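Colleague: Predicted model and sequence below, questions to follow.
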Amino acid sequence: MKKMKKYQHLNQALLLAVILFLGASCSGILDEKPDKALIVPTTISELWALLDNNLQVMNSEPSQLDASSDDVLILDSRLAVLDEDSRRIYTWSNEPINNALNTDWSRPYDQVFYSNVVLGELDQFDNSEKSSQEWRNLKGAAHFYRAYAFFSLARSFCVGYDPATAGNELGIVLRLDSDIAVALPRSTLKETFEQIILDLEMAEPLVQSTISVNTRPSKAAVWAMLSRVYLYMGDFEKSLEAADRALSLYDALLDYNQINPSPARPFVGNLDEVIFYSELLLRTYYFFSAGSAVSPELYAKYEQDDLRRSLFFFARSGFMAFRGQYSYLANAFGGLAVDELWLNKAECEARLGQSQNAINSLNTLLVKRFKTDKFIPIAELSGEELVEKVLEERRKELVLRGMRWGDIKRLNVLGGNISLTRTINGTEIRLPANDPRFALSIPQEEIDRSGIRQNPR
């Protein structure tokens, strides 16, 4: 079956037919063969089929963020055989990038489109149907997926969120209905995040508190996402409140002493910690290929009794490669999980002067990450020293989940002054803190087609 690509070029009615054909043929929900000119969803189950297309569309997110971060090392020998786009991403080039970022840009907008189709069709239901729990769950899920996609785009293609300047910075294109024929400009960054928050607030009262299938959103997922977004925005009080709300609904935390290190991917089948499942789009050249590795500087931060040393990494060609993804198969995990919530909570508490609470939150996580009876609880840290400790553990825990690039951007907004360096064929290149290149270039094909503004370099 062909994947749908570049749907912006299609006639609106034809596009809807293509998408619904995809949903029907993948899920088998329609009894009739798609021999009509247009297949229109008419039931809750048919609309759910659009959002449940998780492996192909809905539960995935950009992966070039990790390729640009300081958590990844690509050796010169491997870099030399990569395509030009991939080299430009790794080296923070000013040159235009197209193919390597196409999916990172278009996949979230596929998710937005599917969500908008569902929201538009749900509005056509009669009032008696709108009162049903099934209708409410589906509407809430569509708002959640749209917010998740918008945040993926903003974290990738926009500068870090500074409330003092967000009203003047470029955001993303906010498509709020399925009419793709309408040309829209980029919103402001402030408008982008207002829409993300609004969608999540609309989702929260509609979805169920917890669900058995973690590829669908729940109340716990909504609060976990709000905690992530508010932390990115620097609103620590609201991020803390959201983390507490999420943990009150779901707080399963893996004990790494119970994880078998023998399999090639130890966490397959051990995903109880996951609140909402989403995969990073596959980029084999920096996850699984010879010549790529985790930064030696990062690996050196793990203590000998830290079980993450053996569960997350394996030796390859003199370096350490990553294997610790919370995934069903090979792709890296980028979704929402309980460990991230404890780190959000600890950071917010530390920044708000709640030092003992922050220590307790951090210890709650770390005691499950060290060998039994080997963990020495953190004590007597406060102020900036405690914040730095939380941030170090955040980087070590959330490695290669698509988080580090966004963390650098938000920390630099707060004055972190984090610059990145790489040595390529003996020459050092540098990405200074708050450089415009922290907002990835929008694919040139999209700029040429739509005429929206490119990020400055």
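Modeller: Nice, I can see it. Computed from a predicted structure; not experimentally measured.

Colleague: For the nearest residue to Gly451 once chain neighbours are set aside, give me phi and psi.
Modeller: Nearest residue to Gly451 in three dimensions, chain neighbours excluded: Ala183, at 7.4 Å (Cβ to Cβ, 6 or more residues apart in numbering). All C-beta spots, glycine's among them, are computed from the backbone N, C-alpha and C. Main-chain dihedrals, Ala183, degrees, to the nearest 10: phi -80, psi 130.

Colleague: Distance of Leu184 relative to Ala149?
Modeller: 15 Å (Cβ to Cβ, to the nearest Å).

Colleague: Strands along the stretch 301-450 of the chain, start to end?
Modeller: Assigned by DSSP state E, counting those that start in this stretch, the strands in the stretch 301-450 of the chain fall at 313-316, 319-322, 336-337, 420-424, 427-431.

Colleague: Those into CSV, with extra columns for mean pLDDT, distance to Leu176 and mean neighbour count?
Modeller: As requested, those are exported to CSV (pLDDT from 0 to 100; distance: least, Cβ to Cβ, whole Å; neighbours: other Cβ atoms under 10 Å):
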stretch, mean pLDDT, distance to Leu176, mean neighbour count
strand 313-316, 94, 43, 15
strand 319-322, 94, 37, 20
strand 336-337, 98, 23, 26
strand 420-424, 96, 35, 14
strand 427-431, 96, 34, 11
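
Colleague: of the ones you listed, which approaches Leu101 most closely?
Modeller: Leu101 sits nearest to strand 427-431 of all these, at 16.9 Å, using Cβ to Cβ.

Colleague: mind listing what the closest one pairs with, with the direction of each?
Modeller: Paired with strand 427-431 in the same sheet, following DSSP bridges, are strand 420-424 (antiparallel).

Colleague: contacting residues for the residue nearest to Gly171 when sequence neighbours are not counted?
Modeller: Leaving aside its sequence neighbours, Gly171 sits nearest to Thr192 (Cβ to Cβ, 6+ apart; 3.3 Å). Neighbouring residues of Thr192 by Cβ atoms under 8 Å, 6 or more residues apart in numbering: 150, 154, 158, 171-172, 174.

Colleague: where's Thr192, which helix or strand?
Modeller: Following DSSP states H and E, one finds Thr192 within helix 189-203.

Colleague: Which of the residues in that helix are classified as buried?
Modeller: Within helix 189-203, the residues that qualify as buried are 189-190, 192-193, 195-197, 199-200, 202-203, counting by 16 or more other Cβ atoms under 10 Å.

Colleague: would you list every one of the strands in the stretch 1-150 of the chain?
Modeller: 60-61, 72-74.

Colleague: Single out the most deeply packed of the ones you listed.
Modeller: For these, average neighbour numbers computed from mean count of other Cβ atoms under 10 Å are highest in strand 60-61, which has a mean of 24.

Colleague: Residues contacting that one, please?
Modeller: With Cβ under 8 Å, 6+ apart as the test, strand 60-61 has contacts from 107-108, 148, 152, 278-281, 331, 334, 402.

Colleague: Show me those that map onto helices.
Modeller: Taking DSSP state H as the definition of helices, those contribute 107-108, 148, 152.
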